[in-house]
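**Q** Using only what follows, build the 3D model:
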Amino acid sequence: MRAPYSNLQIAIHWAVVSMILVQWLTAGAIPRTHNPLLPAAPVDLFLHAVHNYNGIAIGCLVLVRIALRLSRGTDGPQPRRIPMELAALAVHWGIYASLVGQAATGFIASYLWGPAAGVHKAIWNVTLVLIALHVTAAAWHGFRRDGVVGRMLPLWTRTISDERQRPVR
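**A** Numbers count the residues shown, from 1 in each chain. Have a look, this model is predicted:
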């Protein structure tokens, strides 16, 4: 079985998950703050700022996550990977790239060049598809109880999931 992720990798994963939810919830304030016909409400200005700074933080955390993955790795060298492992690698790296791309284009749209918002929104759609694939695969592994989901659970929950794990045939 593959080695579990480090506590830092797990913490960053779940922090980014929660921060993406914040992005989802605050995104609606952005068009309201840029409406030329109505003055922005203070709450919308606040939500827009939360969205901006949270997005920058996501970009930074994902870069740390990439550095950890490259330096620590997630599993040993495998010269021949099965298609499911290659798909998992593609989805993980796609999520990393889309989140960094979103952070970068969001920063550019907010502080340097507004028209980058169109690219920012397009990357969001790619991110949603990749997250859906990731969650679907996690649900599949959870259903199979093959230990894959347990690798990303905090250490205090890992023993519970390991006890319920059944061998894959």
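**Q** quick one: average pLDDT of stretch 21-31?
**A** What stretch 21-31 shows for mean pLDDT is 97.
**Q** And for stretch 111-125?
**A** Stretch 111-125 carries an average pLDDT of 97.
**Q** buried sites along that stretch?
**A** By neighbour count with 16 or more other CB atoms under 10 Å, stretch 111-125 contains the buried residues A116, A117, V119, H120, I123, W124. The C-beta positions use only the backbone N, C-alpha and C, and glycine is treated the same way.
**Q** ok, residues contacting it?
**A** Residues outside stretch 111-125 that contact it (CB atoms under 8 Å, 6 or more residues apart in numbering): S98, G101, Q102, T105, G106, I108, A109.
**Q** Give the residue spans of the chain that score low on pLDDT.
**A** 1-4, 73-78, 155-169 (pLDDT under 70).
**Q** in this protein, which spans are helices?
**A** Secondary structure of the chain, counting by DSSP state H: helices at 7-26, 29-33, 42-72, 83-111, 117-144, 155-164.
**Q** residues of the second one that come out buried?
**A** Yep, that's helix 29-33 we're talking about. Under 16+ other CB under 10 Å, the buried positions of helix 29-33 are A29, I30, T33.
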